[in-house]
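In: I'd like to go over a predicted model; first the sequence, then the structure.
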Amino acid sequence: MKKPLTVLVLFVYMVPLSLFLTFYQIFTKGMKDSFELAIFTIPLLLMIAVCILVAVNIMAAVHSIVRAQDLLFRTVMIFKLCLIPFYIVNFACWMIASMVFHIAIIIWPMIPFIIAYTYFTLLGTSAYIIAKLFSLRKSKIITTKQFVLHGILQIIFAVDVIDTIYLAIKQKSFNEY
């Protein structure tokens, strides 16, 4: 189960890297307008690959409930912490791109899709936490209120990392039951 998460993290980082290279190509080569749009296919394909990997991770998390092979909170916490720089770079890149006028005309209509993509990457790791919470709820180790609270916290940016750290700390007390 760690393998899909590792591949997801790697591909998530490939997207901003490909975007940097794309913007570098556009600004240094003075490309024609038609080629500028075509060069965005590589980052777009990588974004699609990330979305597919998120879906694979969600299915793996659901499958882990059935097979009772949940990942530890600490394991998922490490992956979530590894993704923090991505979210910072992602935000900074799109913010800068939306402030440069001739790029902003292209970027502004894409902002809802960019936010959806970024949120979708969050779900790739949160699915494992929610699956683990579900199995803890099924075993009556946590209450329904705790399950709902932590489930909601796992789908909110930044709060998901704090909640995962809290759950990783509490992991030992969960194992005592």
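Out: Ah, there it is.

In: pull the CA atoms of the helix or strand encompassing Gln171 into PDB?
Out: In this assignment (DSSP states H and E), Gln171 forms part of helix 159-175. What follows is helix 159-175 as a C-alpha-only set of coordinates in PDB (Å, rounded to 0.1, in the frame of the first residue of the first chain):
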ATOM      1  CA  VAL A 159      -6.000  21.000   9.000                       C
ATOM      2  CA  ASP A 160      -5.700  17.500   7.500                       C
ATOM      3  CA  VAL A 161      -1.900  17.500   8.300                       C
ATOM      4  CA  ILE A 162      -2.500  18.700  11.800                       C
ATOM      5  CA  ASP A 163      -5.200  16.100  12.400                       C
ATOM      6  CA  THR A 164      -2.900  13.400  10.900                       C
ATOM      7  CA  ILE A 165      -0.100  14.400  13.300                       C
ATOM      8  CA  TYR A 166      -2.600  14.200  16.200                       C
ATOM      9  CA  LEU A 167      -3.800  10.800  15.100                       C
ATOM     10  CA  ALA A 168      -0.300   9.600  14.700                       C
ATOM     11  CA  ILE A 169       0.500  10.600  18.300                       C
ATOM     12  CA  LYS A 170      -2.700   8.900  19.500                       C
ATOM     13  CA  GLN A 171      -1.900   5.700  17.400                       C
ATOM     14  CA  LYS A 172      -0.400   4.000  20.500                       C
ATOM     15  CA  SER A 173      -3.600   4.500  22.500                       C
ATOM     16  CA  PHE A 174      -5.600   3.100  19.600                       C
ATOM     17  CA  ASN A 175      -3.500   0.000  19.500                       C
END
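
In: Just the buried residues of that helix, please?
Out: With burial defined by 16 or more other Cβ atoms under 10 Å, the residues of helix 159-175 counted as buried are Asp160, Val161, Asp163, Thr164, Leu167, Ala168, Phe174. C-betas here are computed from N, CA, C, even on glycine.

In: Next, work out how far apart the residue nearest to the fifth one when sequence neighbours are not counted and Ile142 are.
Out: Leaving aside its chain neighbours, Leu167 sits nearest to Phe73 (4.3 Å; criterion: Cβ to Cβ, 6 or more residues apart in numbering). Noted for Phe73: a distance of 12 Å to Ile142, by Cβ to Cβ, to the nearest Å.

In: Tell me which of those two has more neighbours.
Out: Taking other Cβ atoms under 10 Å, Phe73 and Ile142 do not tie; Phe73 has more neighbours (24 against 20).

In: and that one, what is it in contact with?
Out: Ile129, Lys132, Thr164, Leu167, Ala168, Lys170, Gln171 (Cβ atoms under 8 Å, 6 or more residues apart in numbering).

In: what does Val54 give?
Out: Leu8, Phe120, Thr121, Leu123, Gly124.

In: following the helix or strand harbouring it, which helix or strand comes up?
Out: For Val54, the host element (DSSP H and E) is helix 41-67. As assigned by DSSP H and E, the chain's next helix or strand after helix 41-67 is helix 73-99.

In: Noted, bye for now.
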